[in-house]
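*Asks:* sequence and predicted structure, then a few things I'm wondering about:
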Amino acid sequence: MDDVSELARPNTFEESGRRMAEAGRYLAGGVSSNFRLGISPTPLMFERAEGPYLFDADGNRLIDYYLGMGPMILGHTPRDVIAAAAEQMGRGILYAGQSAVEVEAARLICAMVPCAELVRFNSSGSEAVQGALRIARAATGRRTVVKFEGHYHGWFDNILWSTAPPAGANGPVAGSLGQVADEGAIEALPWNDLGAVRARVGRGDVAAVIMEPAMCNAGAIAPAPGYLEGVREACTASGTVLIFDEVITGFRVGPGGAQARLGVTPDLATFAKAIANGFPVAAVAGRAELMELCAKGVVHGGTYNGQAVAMAACVATLRRLQEAGAYDAMEARGTRLMQGIREAFAEAGVPAVVAGFPTIFHVGLGLEAPARNWADLLRLDRAGYVRFTTALLRRGVRALERGAWFLSTEHDDAVIEATLEAVRGAVREI
């Protein structure tokens, strides 16, 4: 039994398909984010979620490795986070002023994150990135921002460049129709090429270098030995602000984010996703002399920044993640899952690389060796991987079609074993 016939009752998704067709009458494309489009066999409609599971419109229970695209590090229904949000709702939702929970959330971030001396809150990672870029340009009086091919920093015009450029691209590549170019304001370099960074920032006109400290969005690529340290040194020498986009890695790979885990401290960093377990919270944090510019002429605003209910959820989430041993079980189970996936592909003779952190890793179908940069990721068998995730879905496991797998504290040993059983069946099927 080496194909879908081995499934006694494979999941089907007709009701989700029907509801998506209806949704298209009122929502453009039936969704509110382009990153939910084009899912095989159909974008799904959900009724509820609990722990590590989603329950869809067709009555399927799915082990969830999307986890809301990363935020649900404590699972879908953590009682402490829900209780904190509910209690705050009874006290008020939006004050257009400050609250004790907002200050406590900022205090926790400053205590946990190496670069965080001061914090400002936003509602999304894209907004936080904009704040960081504006601060960097104000601090340096410079215009140009350097980013890296394959790194994603939000969907706004000034930064959605070269997130998925074609091979041999010459200059930054726009990520959307209708995107406005600002000539010379953004430059894209290959990741893990320290010489290229040193040469570019050494000219003395770069406001900021922004990067994922470990590439996680498009594919899990670790920084080469000495790379982050070298970029840090080059930015310091040239007066360039170093920004780590920790929207994915922040509070997910450890309580201090990737900067603590990898031992390199940026000037500014952005956070979202796991910071509040699904509530809309993001933050920009960093050195005090930079962050203080927000009170000295750098405009940073937002009606929902520091919204009290979301701040209460943020505090409850960070307190849990700050506890001793908070990541131990997740790390162990994530390591087991990564190894089991490697073994399943190896036994089937299918080339694949499983790389990343135990709490956020990437399965690279078609790769023979770990990727070093975006150019290596162009060799991925993306169509084959979609067949794999579709086969997984029929077996009750939901994994992102771009290759990322997120874990939560609720993915226990039994869930991991059930996942690996589905993986082995899906690998045989493809």
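*Replies:* That came through fine. Residues are numbered from 1 along each chain as shown.
*Asks:* where do the strands of this structure begin and end?
*Replies:* Using DSSP state E, the strands of the chain run over 46-50, 53-56, 61-64, 118-122, 144-148, 186-189, 206-211, 241-245, 268-271, 282-286, 352-357, 360-365, 397-398, 404-406.
*Asks:* export the second one to PDB, keeping only CA atoms.
*Replies:* Spelled out, it's strand 53-56. What follows is strand 53-56, C-alpha atoms only, in PDB (Å, rounded to 0.1, in the frame of the first residue of the first chain):
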ATOM      1  CA  TYR A  53      -5.500  21.000  16.300                       C
ATOM      2  CA  LEU A  54      -7.700  22.800  13.800                       C
ATOM      3  CA  PHE A  55     -11.300  21.700  13.000                       C
ATOM      4  CA  ASP A  56     -12.500  22.600   9.500                       C
END
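*Asks:* quick one: that strand to chain centroid distance?
*Replies:* Relative to the centre of its chain, strand 53-56 is centred 21 Å away, using C-alpha atoms, centre = their mean, to the nearest Å.
*Asks:* what is the neighbour count of the residue nearest to Asp381 when sequence neighbours are not counted?
*Replies:* Once flanking residues are discounted, Asp381 sits nearest to Gly366: 3.3 Å by C-beta to C-beta, 6 or more residues apart in numbering. In short, each C-beta sits where N, CA and C put it, glycine included. Using other C-beta atoms under 10 Å, Gly366 has 16 neighbouring residues.
*Asks:* Leu380 is in contact with Gly366, correct?
*Replies:* Yes. Between Gly366 and Leu380 there is a contact under C-beta atoms under 8 Å: 5.3 Å.
*Asks:* so what does Asp193 look like in phi/psi?
*Replies:* phi -110, psi 90 (degrees, to the nearest 10).
*Asks:* what's the local residue count around it?
*Replies:* What Asp193 shows, counting by other C-beta under 10 Å, is a neighbour count of 16.
*Asks:* can you tell me how far it is from Ala181?
*Replies:* As judged by C-beta to C-beta, to the nearest Å, Asp193 and Ala181 stand 24 Å apart.
*Asks:* ditto for Thr163
*Replies:* 15 Å.
*Asks:* the two: which has the busier surroundings?
*Replies:* Thr163 (23 against 13).
*Asks:* so how far is Leu377 from the more buried one?
*Replies:* From Thr163 to Leu377 the distance is 11 Å (C-beta to C-beta).
*Asks:* quick revisit: wait, which of the strands of the chain is closest to Leu321?
*Replies:* Closest approach to Leu321 among those (C-beta to C-beta): strand 268-271, 12.0 Å.
*Asks:* OK, contacts around Ile378?
*Replies:* To be clear, residue 378 is Leu; Ile isn't right here. Leu378 makes contact with Pro166, Ala167, according to C-beta atoms under 8 Å, 6 or more residues apart in numbering.
*Asks:* cool, the one 10 residues further on as well?
*Replies:* For Phe388, the contact set (C-beta under 8 Å, 6+ apart) comprises Leu365, Ala426, Val427, Ile430.
*Asks:* point to the residue nearest the middle of this structure.
*Replies:* Ile248 (3.0 Å; C-alpha atoms, centre = their mean).
*Asks:* nearest spatial neighbour of it, skipping sequence neighbours?
*Replies:* Ranked by C-beta to C-beta, 6+ apart and with sequence neighbours excluded, the top spatial neighbour of Ile248 is Cys216, at 4.5 Å.
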